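Chemist: what follows is a predicted structure for the sequence shown.
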Amino acid sequence: MLLLLMLYGGFSMPSEEAFNSINNTPLFKWLSETPLHISWWLWASVVVIVLLVVNTIVCTADAIIKITTKTGLLLRISAQIIHISFCFLMLGHLLSSIGSYHAFFVIPKGGILKVNEYTNIHFKELQYKTLSGYITDIQAILLLNEGNKVQEKAIAPNRPLFLEGLGLYLKDFTLFPEEKILIELSHEPGAPWALLGAILFTGGTVSLVLLKLKDRRI
Amino acid sequence: MIVLATALLYLASIFYYPLFLIALSLQGSYILWRGLSLERLPLVGVHDTLLFLSFSTVLFSLPITKFLNREKRPFLQAVALLVFAFSGASVLSPAVNTPLPPVLRTYWFELHVVLSFLSYALFGLAAVLGAVGLLKNFTEVEPIQYRIILTGYLLFSLSMIFGGIWAYLAWGTYWLWTPKEIWTTLLWLTYTLYLHFRLMQGWKGRVSITIGVLGYAVVLFTYLGVGLLMKSSHSF
């Protein structure tokens, strides 16, 4: 069922303008604001995923309770670790779908972004390297003012700055006629749970694959 | 010219196997040369990714043949045809020779892309083996197909995880709702379904082999269809 819904979504999404904003707001906020005839498949997918998670929790608990022998124990536990990891991954998605935050700011050179009551950042300058006329490396030098403490920090693509639960990302920049940067302030409450799920999934799957590859009974 | 020569060698290897290994060596040398001259992994754009997919497919096919008997020759011939198609298509695509932009200069990107294509190669080999098995009625290939898909599933899952970590560091979120992510989920669900269906009584055999073959259609659309036909962060 989920496959069919995603298949529909995979084809309908590129042709609907409403999806242009889906990544800028929490998913459930976007779903509540988007007409149902556009978002129905995503709503249905959420319902199916909820059922899948409940099913996974019940079946995993049942399987663990029923483990009575040590034969094939590691194989059976590996499979259940994978199932548990799926639940953590979905928990991560749920939390981010409710409480994520993304805001974008253009800051000219010398400009200031107020992050909160006590913290602001001052954009000092851009530093970059080029190769054959292409920019290969770039970082924005910022002055971070937290209360009375001022520190120089650098942010770059793939090297954000994390401040009090918020991530500060260098999204884009211009060099001419004046240096400007596009900053994203981002908060993903589900990220730690998704990472936990990913780690468990990796461990469980590696173990299961190694055991299955050695099993001549397959 | 080297890419065209490699493609033709793969085609010719259908009739004379040693050409298969010569083509592999030539293709590997070309990829290495591109990497050294560009000073980066040559994995940007259709040209390079098709070549890497072709190379990986052939490379993985070699250890698989150790587990085959009467299926070996038709399997290798089918693989040769498949990689001829990939290599031939790469000739038609211009190579991307520009330096990597800053957002792609990270190990997470390299891990994400390399693992994706290694898993695509394995899914392709599983599909080829399954197709040979169905056409020639060699259902004893089923356990081998399963092992290939299981390994591909691990690598693909890891590529998704590394992609998520990279996205979090690059764009502030580990998940984006774009056609590429939807199709990636579809692909992952397809093979998850295959792995679970196989555990069900009566589904091991021709049914699971068929799912393993059809799954490759999802792989090809996820890789090429989305990149070429849809607007997404993964567009070519």
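Modeler: That came through, no problem.

Chemist: residue contacts, the residue in chain B that chain A sits nearest to?
Modeler: Chain B approaches chain A most closely through B:Gly172 (3.1 Å), counting by CB to the nearest CB. (Each C-beta comes from the backbone N, C-alpha and C, glycine too.) Neighbouring residues of B:Gly172 by CB atoms under 8 Å, 6 or more residues apart in numbering or on different chains: A:102, A:160, A:167, A:169, A:184, A:186, A:188.

Chemist: and the helices in chain A?
Modeler: Under the criterion DSSP state H, helices of chain A are mapped to A:2-12, A:27-33, A:36-65, A:73-99, A:191-214.

Chemist: mind listing what's buried in the worst-scoring helix or strand of chain B on mean pLDDT?
Modeler: Least confident helix or strand, chain B: helix B:226-229 with a mean of 83, by mean pLDDT, DSSP states H and E. Within helix B:226-229, the residues scored as buried using 16 or more other CB atoms under 10 Å in any protein chain shown are B:226-227.

Chemist: check stretch B:65-74 too.
Modeler: For stretch B:65-74, using 16+ other CB under 10 Å, the buried residues are B:68, B:71, B:74.

Chemist: tell me where the model's unsure across the chain.
Modeler: In the absence of a named chain, this looks at chain A. Filtered on pLDDT under 70, chain A yields the residue ranges A:217-218.

Chemist: that's the wrong chain, I wanted chain B
Modeler: In chain B (pLDDT under 70), the answer is B:201, B:231-236.

Chemist: what about the helices in it?
Modeler: Going by DSSP H, chain B shows helices at B:2-12, B:18-38, B:45-65, B:72-92, B:107-136, B:142-171, B:179-197, B:206-220, B:226-229.

Chemist: give me the number of residues near B:Asp48?
Modeler: Look at B:Asp48: counted by other CB atoms under 10 Å in any protein chain shown, it has 23 neighbours.

Chemist: contact partners for B:Ser93?
Modeler: B:Ser93 sits in contact with B:45-47, B:50, where contact means CB under 8 Å, 6+ apart.

Chemist: now the residue in chain A positioned nearest to chain B: closest residue in space that isn't a chain neighbour?
Modeler: Closest to chain B within chain A is A:Ser186: 3.1 Å, counting by CB to the nearest CB. In space, A:Ser186 comes closest to B:Gly172 once its chain neighbours are excluded; the distance is 3.1 Å by CB to CB, 6 or more residues apart in numbering or on different chains.

Chemist: same question for B:Leu155.
Modeler: B:Ser119 (3.9 Å).

Chemist: for the least confident helix or strand of chain B, packing partners?
Modeler: Counting contacts by 3 or more CB pairs under 8 Å, 6 or more residues apart in numbering or on different chains; DSSP states H and E, helix B:226-229 is packed against helix B:179-197.

Chemist: okay, the angle between the helix it packs on and helix B:107-136?
Modeler: 50 degrees (axes from the mean of the first three to the mean of the last three CA atoms, to 10 degrees).

Chemist: could you chop chain B up by domain?
Modeler: B:1-100, B:101-236 (automatic domain parsing).

Chemist: and the spatially most central residue of chain A, what does it touch?
Modeler: Nearest to the mean C-alpha position of chain A, counting by CA atoms, centre = their mean, stands A:Ala191 at 5.7 Å. By CB under 8 Å, 6+ apart, the residues touching A:Ala191 are A:92, A:96, B:168, B:174.

Chemist: excluding chain neighbours, what is closest to the first one?
Modeler: Same thing as A:Gly92. A:Gly92's closest residue in space is A:Ala194 (CB to CB, 6+ apart), at 3.1 Å.

Chemist: ditto for the third one
Modeler: Nearest non-adjacent residue to B:Tyr168, counting by CB to CB, 6+ apart: B:Tyr174, 4.3 Å away.

Chemist: nice, that's everything, thank you.
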